[in-house]
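Participant: Curious how this folds, go ahead:
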Amino acid sequence: MEYELLIKNGNVIDFENSDSSYRPWKKLDIAIKNGKISEIGNIDPSKTAKVIDATDLMVSPGFIDIHTHSDTYLMANPRAESKIRQGVTTEVIGNCGLSAAPLGGEYSPAKSIMGDFVDMDWVSMKDYLEKLEKQGSSVNVVPLVGHNNIRGAVMGYSDKEPTKKEMDDMRNLLQESFDEGIWGLSSGLNMPPGSFSSTEELIELCKVTTRNGGVYHTHLRGQGDRLLNATMEAIEISKKSGVPLHILHHKGMGDANAAKVECTLEMIEEALSNGMDVTMDMYPYMAGQGGLAMFFPFWVHEGGTVKMIDRLKDKKLRKKIKYQMIEPELLSGYQSYSRELGWKHGWDKVIICNVNTEENRHLVGLSIAEAKPEGKDPIDFLFDLFIQEGGDIPVVIPDVTYLDDRYFLMMIRHPNTMFGSDGYSLADYGILSEGVPHPRSFGTFPKILGQFVRERKLFTWKEAIRKMTKLPADFLGINDRGDIKKGFCADIVVFDPELVRDRSTLSSPVQYPEGIEYVITNGEMVIQKGEHTGGLPGKVLRKNQ
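Facilitator: Below you'll find the predicted structure:
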């Protein structure tokens, strides 16, 4: 046979025609051979071994999830069930300053992000990527390296400026990670150890990133009361280092800060007009996910988890921490992320996603207000829970008001805003089905297509899919994915535009979407008529390799 797979009679998304009045697709056949798109046009089905009848279905490039935390989750289950079933064929991992590697010194990535179900028995990025590659995956992986890992391996959790040697060591470790295949640097400036870094430190590391043709993803230093200053800092880092800038989960946290995005978008527009490369991502939900440790003042984090628990057990320090959480103004420079979280929304809205111990399993899915014993202060309960669990646990946290909020729409409609889940590759079975995770891990992309495109008509099909495919590929510099062209890698999604929808909710999140009929990764069918084939054709994509 001349071809291995043929997609016949599909409505193929067309990015080439810029005329907005033109239909966003063309009726075409797509032939696949050796993992690549071999021919596009009217193709004789007798020349292929297998045919997908895509009549009345839409054919799109595979979705690129620009913002994920699946680093260790893909180790636990390489089938990437909750992502591949959404049409995601490529995950960008290592975001928000947190990556699976490199590891060193006293630094240990937060369990609330990385989980504790995988033995992280590697040190370098090379070792981690080789292990991930050997195991296989249903999705492709684009690795970033976390600034927390770089700083933590060299300086631990110390709140100080790096010495010249420490700065050189960080540069060298970052360069080593680039040599081993990463695509860029990510920072998480809302939490230690990243929050202890200066703007100048980040500029120096981003200069290394620029020399390697990489990108810079950042979780801003503040997304609420400090949003404007934090955005200015990110743009300054990009401008002085020359690095392409990507702002992770762009938003204004809390109702009082929602309108600030008018100002941040003005800053971004000015940067774009000056020739800078700036993009953003958003998830289509009004709640985020993080760890209990986010509520603590930054100084509590110094020395890592063991020291944090010791401080929470100390009655005098415990009282000080509590007061500073209630009134962050007691801290110089707002050295706490808690001012943007927690009681500003009410403890009845902060939901416990999962726990480490069996004794607290009954608390999963409850809010802090529901889980705490009657009469107990919620902050004291939070402290005790952290101690009992031996460290951080994940919680769902509200962001802003409603999906029809004008500021939300203003951000998500910006032409440089991509869609990213900020989630994980989970499953409806095994260890990755436990707890009550954020629904974004199961529903982000079908929610955009079903609710935002088909029902609410906030986007055209073409524009929504561009934000999921071509825009992230172009930003990252992936030149053979993100579009359907002859010679491109065959990462393809075939879905029913009349049926596609998410089913995952905050109260019942572990549910796969509907309407995603076929998903092809590197030419191999992984989802066939909505079911997983067990295929693991994904690749670790290494930059410049």
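
Participant: Can you find the helix or strand of the chain with the lowest average pLDDT?
Facilitator: Of all the helices and strands that make up the chain, helix 111-114 has the lowest average by mean pLDDT, DSSP states H and E, namely a mean of 77.

Participant: So for it, could I get the coordinates as CSV, restricted to C-alpha?
Facilitator: Once side chains and other backbone atoms are set aside, the C-alpha atoms of helix 111-114 remain, and they are given as CSV (Å, rounded to 0.1, in the frame of the first residue of the first chain):
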residue,chain,number,x,y,z
LYS,A,111,4.1,17.2,46.0
SER,A,112,1.0,19.2,45.3
ILE,A,113,2.3,19.7,41.8
MET,A,114,4.5,16.6,41.1
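
Participant: At which residues are the strands of the stretch 201-350 of the chain located?
Facilitator: If you assign secondary structure with DSSP state E, counting those that start in this stretch, the strands in the stretch 201-350 of the chain sit at 215-219, 245-247, 278-282, 287-291.

Participant: Paired strands for the last one, with orientation please.
Facilitator: To tie it back to what came earlier, the one meant is strand 287-291. Strand 287-291 has the following sheet partners, assigned by DSSP bridges: strand 394-398 (antiparallel).

Participant: For the nearest residue to Thr264 once chain neighbours are set aside, report the pLDDT, please.
Facilitator: Closest residue to Thr264 in three dimensions, ignoring its sequence neighbours and counting by CB to CB, 6 or more residues apart in numbering: Thr231, at 4.5 Å. Quick note: C-beta positions are derived from backbone N, CA and C, even for glycine. The pLDDT attached to Thr231 in the predicted structure is 97.

Participant: got it, and the one 4 residues further on?
Facilitator: According to the prediction, Ile235 has pLDDT 98.

Participant: Which residues belonging to the helix or strand that the least confident helix or strand of the chain is followed by are considered buried?
Facilitator: From helix 111-114 onward toward the C-terminus, using DSSP states H and E, the following helix or strand is helix 125-135. Residues of helix 125-135 classed as buried: Met125, Lys126, Tyr128, Leu129, Lys131, Leu132 (neighbour count, 16 or more other CB atoms under 10 Å).

Participant: Of those residues, which is the nearest to Arg211?
Facilitator: Within the buried residues of helix 125-135, the smallest distance to Arg211 is 17.3 Å, found for Met125 (CB to CB).

Participant: Okay, the closest one and Ile182: tell me how far apart.
Facilitator: Counting by CB to CB, to the nearest Å, the gap from Met125 to Ile182 is 6 Å.

Participant: what do those two both touch?
Facilitator: Common neighbours of Met125 and Ile182 (criterion: CB atoms under 8 Å, 6 or more residues apart in numbering): Pro143, Val145.

Participant: picking that back up, how about the strands of the stretch 201-350 of the chain in CSV, adding mean pLDDT and distance to Leu173?
Facilitator: Output for the strands of the stretch 201-350 of the chain, formatted as CSV (pLDDT from 0 to 100; distance: least, CB to CB, whole Å):
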stretch, mean pLDDT, distance to Leu173
strand 215-219, 98, 16
strand 245-247, 98, 21
strand 278-282, 97, 26
strand 287-291, 80, 25
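
Participant: can you redo these as a markdown table with distance to Val494?
Facilitator: As requested, the strands of the stretch 201-350 of the chain are arranged in a markdown table below (distance: least, CB to CB, whole Å):
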| stretch | distance to Val494 |
| --- | --- |
| strand 215-219 | 30 |
| strand 245-247 | 29 |
| strand 278-282 | 24 |
| strand 287-291 | 30 |
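
Participant: Out of those, which gets nearest to Ile465?
Facilitator: The closest of the strands of the stretch 201-350 of the chain to Ile465 is strand 278-282. By CB to CB, the value is 15.1 Å.

Participant: List the strands paired with that closest one, with their directions.
Facilitator: Looking at strand 278-282 with DSSP bridges, its partner strands are strand 245-247 (parallel), strand 417-419 (parallel).

Participant: next helix or strand past the last one?
Facilitator: Later in the chain than strand 417-419, the nearest helix or strand by DSSP H and E is helix 440-447.

Participant: on contacts alone, who are the packing partners of that following helix?
Facilitator: Contact partners of helix 440-447 among helices and strands, from 3 or more CB pairs under 8 Å, 6 or more residues apart in numbering; DSSP states H and E: strand 63-65, helix 81-84.

Participant: winner for burial among the ones you listed?
Facilitator: Counting by mean count of other CB atoms under 10 Å, strand 63-65 has the highest mean neighbour count of the helices and strands packed on helix 440-447, with a mean of 30.

Participant: Can I get the helices and strands packed on helix 440-447 in CSV including distance to Ile527 and mean pLDDT?
Facilitator: As requested, the helices and strands packed on helix 440-447 are arranged in CSV below (distance: least, CB to CB, whole Å; pLDDT from 0 to 100):
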stretch, distance to Ile527, mean pLDDT
strand 63-65, 12, 98
helix 81-84, 6, 98
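
Participant: Ile431: which of the ones you listed is closest?
Facilitator: Comparing those by their distance to Ile431 (CB to CB), the top pick is helix 81-84, with 12.3 Å.

Participant: Report the next helix or strand after the closest one in sequence order.
Facilitator: In the C-terminal direction, the helix or strand that comes right after helix 81-84 (DSSP H and E) is strand 88-93.

Participant: Give the other helices and strands that that next one contacts.
Facilitator: Of the remaining helices and strands, those touching strand 88-93 by 3+ CB pairs under 8 Å, 6+ apart are strand 63-65, strand 140-143, strand 516-521.

Participant: Parallel or antiparallel, list what pairs with the shortest one.
Facilitator: For strand 63-65, sheet partners with direction are given as strand 88-93 (parallel), following DSSP bridges.

Participant: now the partner strand: how far from the chain's centre is it?
Facilitator: 9 Å (CA atoms, centre = their mean, to the nearest Å).

Participant: That one to strand 516-521, inter-axis angle?
Facilitator: Angular relation of strand 88-93 and strand 516-521 on a 0 to 180 degree scale: 60 degrees, by axes from the mean of the first three to the mean of the last three CA atoms, to 10 degrees.

Participant: which other residues reach strand 88-93?
Facilitator: For strand 88-93, contacts defined as CB under 8 Å, 6+ apart pick out 62-71, 74, 80, 83, 99-100, 139-144, 183, 420-421, 425, 445, 472, 476, 478, 481, 491-493, 519-521, 538, 541.

Participant: quick one on the thing from earlier: let me know which of the helices and strands packed on strand 88-93 is tucked in deepest.
Facilitator: Per-residue neighbour counts averaged over each of these give the maximum for strand 63-65, namely a mean of 30 (mean count of other CB under 10 Å).

Participant: Now the element after that strand, going C-ward?
Facilitator: Using DSSP H and E, the helix or strand that follows strand 63-65 towards the C-terminus is helix 73-76.

Participant: Export the strands paired with strand 278-282 to CSV and append columns for distance to Val500 and mean neighbour count.
Facilitator: Rendered in CSV, the data for the strands paired with strand 278-282 read as follows (distance: least, CB to CB, whole Å; neighbours: other CB atoms under 10 Å):
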stretch, distance to Val500, mean neighbour count
strand 245-247, 27, 26
strand 417-419, 14, 24
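
Participant: Format the ones you listed as a markdown table; extra columns: distance to Glu389.
Facilitator: What follows is the strands paired with strand 278-282, written out as a markdown table (distance: least, CB to CB, whole Å):
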| stretch | distance to Glu389 |
| --- | --- |
| strand 245-247 | 31 |
| strand 417-419 | 32 |
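
Participant: Quick check: which of the ones you listed is nearest to Asn190?
Facilitator: With CB to CB as the measure, strand 245-247 is the member of these nearest Asn190 (12.7 Å).

Participant: Residues contacting that closest one, please?
Facilitator: Here strand 245-247 makes contact (CB under 8 Å, 6+ apart) with 66, 215-218, 220, 231, 234-235, 237-238, 268, 271, 276-281, 475.

Participant: switch the cut-off to 10 Å
Facilitator: Strand 245-247 has contacts (CB atoms under 10 Å, 6 or more residues apart in numbering) with 66-67, 92, 95, 144, 184, 186, 206, 215-220, 223, 230-231, 234-235, 237-239, 264, 268, 271, 276-282, 416-418, 420, 472, 475-476.
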